[in-house]
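S.K.: 3D model of this:
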Amino acid sequence: MTVGLVVVSHSARAAEGIVEIAAEMAGETRIEAVGGDGRGGIGTVPDDIEDALVAAGDVGRSGNGGDSGADDDPSDGVVVLVDLGSAVMNAEVAIELSDVDAVIADAPVLEGAVNAAVAATDPSATLESVREQAEAASEISKV
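M.R.: Next comes the predicted model:
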């Protein structure tokens, strides 16, 4: 079983950049970036987040440019990292709409994504253990 990650930002470019950084630590973990209002502006869209949840939970597809090698293995779920308040609301809506087992981590989005990516590489990772490591990022001192 594996845990996927979704990074939700009001900016598609910010989400993609965060995923680019976290992917350096993620091994074969599937990480999806989603952001923007769907028209090139700032915002978040529940349907786009739902699509990212499904993609991150689909471990039989390639993630981060590689093949997970788990063609028929189910995902253990998806940890969602968000940047601002309305992203939380839209992520909650997307989780309710999807069939994916997903949780939102109460974590700083960049540091949480990196911590979650590292935690997800552990063969015994669970949805809860990855979420906990993402949330532990709030304890990281930068200076």
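
S.K.: alpha carbons only for contacts and neighbour counts from here, please
M.R.: OK.

S.K.: Could you report the distance from residue 10 to residue 92?
M.R.: To residue 92, residue 10 is 15 Å away according to Cα to Cα, to the nearest Å.

S.K.: So between these two, which is more surrounded?
M.R.: Taking other Cα atoms under 10 Å, residue 10 and residue 92 do not tie; residue 10 has more neighbours (22 against 18).

S.K.: which ones are touching the nearest residue to residue 87 once chain neighbours are set aside?
M.R.: Among residues not flanking residue 87 along the chain, residue 44 sits closest, at 6.0 Å (Cα to Cα, 6 or more residues apart in numbering). Residues in contact with residue 44 (Cα atoms under 8 Å, 6 or more residues apart in numbering) are 8-10, 34-38, 86-87, 90.

S.K.: just checking, residue 110 touches residue 18?
M.R.: Yes - assessed by Cα atoms under 8 Å, residue 110 is found in contact with residue 18 at 5.8 Å.

S.K.: hang on, residue 84 packs against residue 7?
M.R.: No - using Cα under 8 Å, residue 84 is not in contact with residue 7; the gap is 11.5 Å.

S.K.: Mind checking which of the two has more residues around it?
M.R.: Higher neighbour count among residue 84 and residue 7: residue 7, with 29 against 15, using other Cα under 10 Å.

S.K.: That one in helix, strand or coil?
M.R.: strand (DSSP: H, G, I helix; E, B strand; the rest coil).

S.K.: measure the closest residue to residue 99 other than its chain neighbours to residue 2 for me?
M.R.: Leaving aside its chain neighbours, residue 99 sits nearest to residue 54 (8.0 Å; criterion: Cα to Cα, 6+ apart). According to Cα to Cα, residue 54 stands 14 Å off from residue 2.
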